[in-house]
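**Student:** with the sequence up front, the predicted model follows.
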Amino acid sequence: MSDELKQEELRKFIEVERQKINRELDRLLPPADRYPQTLHRAIRHSVFAGGKRLRPILVLLAAHAFDFKPELAYPAGCAIEMIHTYSLIHDDLPALDNDDLRRGLPTCHKIYGEATAILAGDTLNTLAFGVLASLPYPPGRESVGLQLVKDLSDYAGLNGMAVGQFVDIDSEGKRIEPQTLEYIHNHKTASLIICSLRAGAILGRANAEDLDRMTDLGGLIGLAFQIKDDLLDITSTSDELGKSPGKDAAAGKATYPSVHGIEKAREELESLSTLAKKIALIFDKKSPFLYHIIDYLLLRRT
Ligand code: IPE
Ligand code: IPE
Ligand code: MG
Ligand code: MG
Ligand code: MG
């Protein structure tokens, strides 16, 4: 099958899965009419504003690679999507990136105020761990839940997103070394992508070697994903992007193009994707979209 047809097939797969993921998120989140309604409405505003759902989709693709039946992969993916959405709500706050537009809608704090947005993020953050802890793991396999909780704690916090976000904010307006830029991107963004692939692999009882491969694959896709995000901030429009472009340069952000230039950023994207494809090919028989999603992510316009 040609690459173009594969991309078409992948797009359809993603569309179908996105709807299933949205239904699962709806099931896992408190209803909008639960007291205190404003908090639950704020959470739902951000969660259902229309994200790509990349992270849950990666959980599914990794689970497929190990023949894992996806029942538990949906709620596990949704837990990571909750952490991701909380990270976006907080990322947009005036104290961080101060953004008005997210997923094509006004940001959470623009509608509900800063205090509510902070608490909506906090609530999503803790709910995610509760979801992972409460899944119906098969008898004798309950320790999988602990492994997923430990992984998410690492990759969302101390070894991942939150520390990356700190260094990102702390580096604003400074001249930074390329290693610091890599640290930022690997932590603030790649971590949750690594965590997603690992979650699918852990659910599928992958051996240590395959778990390492998924970790490496996530690192490559994750770094490429943030470089692409940096490039889109320069080249895209707010209609396409669903967020306001041009913000990185205005805020003096450490981005791949600001440190290395646009050309070098594009080259790096290519070479990361070549390396990622080499690993994804190992899983090609059982989960071919793991390979094709690499081009999908790099060609994206949003
Ligand atoms: C945006 O993530 C923030 C980054 C880590 C680059 P996504 O581009 O996955 O955002 P949504 O979930 O589709 O809105
Ligand atoms: C986001 O990086 C990383 C997060 C952990 C939320 P950015 O600040 O570049 O993400 P966008 O461009 O606002 O989505
Ligand atoms: Mg940011
Ligand atoms: Mg931002
Ligand atoms: Mg960005």
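**Tutor:** Structure received. Ligands and ions are numbered 1, 2, ... in the order given.
**Student:** in the stretch 51-200 of the chain, what residue is nearest ligand 4?
**Tutor:** Residue nearest to ligand 4 within the stretch 51-200 of the chain: Asp97 (3.6 Å; Cβ to the ion). The C-beta positions use only the backbone N, C-alpha and C, and glycine is treated the same way.
**Student:** what's the burial count for the closest residue to that residue other than its chain neighbours?
**Tutor:** Nearest residue to Asp97, sequence neighbours excluded (Cβ to Cβ, 6 or more residues apart in numbering): Asp91, at 5.4 Å. With neighbours defined by other Cβ atoms under 10 Å, the count for Asp91 comes to 19.
**Student:** over to Leu72?
**Tutor:** Leu72 - counted by other Cβ under 10 Å - has 22 other residues nearby.
**Student:** now it. Nearest residue, chain neighbours left out?
**Tutor:** Distances taken as Cβ to Cβ, 6+ apart put Leu135 closest to Leu72, at 5.2 Å, once the chain neighbours are dropped.
**Student:** Ile193 now?
**Tutor:** Gly222 (3.7 Å).
**Student:** please report how far that neighbour lies from Arg198.
**Tutor:** As judged by Cβ to Cβ, to the nearest Å, Gly222 and Arg198 stand 12 Å apart.
**Student:** can you list the residues of the stretch 101-250 of the chain near ligand 4?
**Tutor:** By the rule Cβ under 5 Å from the ion, no part of the stretch 101-250 of the chain lies against ligand 4.
**Student:** ok so, going back, what sits against the residue nearest to Leu72?
**Tutor:** By Cβ atoms under 8 Å, 6 or more residues apart in numbering, the residues touching Leu135 are Leu72, Pro75, Ala76, Gly145.
**Student:** out of those, which are buried?
**Tutor:** Neighbour-count burial (16 or more other Cβ atoms under 10 Å) applied to the contacts of Leu135 gives Leu72, Pro75, Ala76, Gly145.
**Student:** wait, which of the contacts of Leu135 is closest to Leu25?
**Tutor:** Pro75 (9.2 Å; Cβ to Cβ).
**Student:** now the helix or strand containing that closest one: buried residues?
**Tutor:** For Pro75, the element it lies in under DSSP states H and E is helix 73-91. Burial within helix 73-91, assessed by neighbour count using 16+ other Cβ under 10 Å, is assigned to 73-91.
**Student:** what is that helix packed up against?
**Tutor:** helix 3-28, helix 37-47, helix 54-65, helix 114-133, helix 143-156, helix 161-170, helix 191-203 (3 or more Cβ pairs under 8 Å, 6 or more residues apart in numbering; DSSP states H and E).
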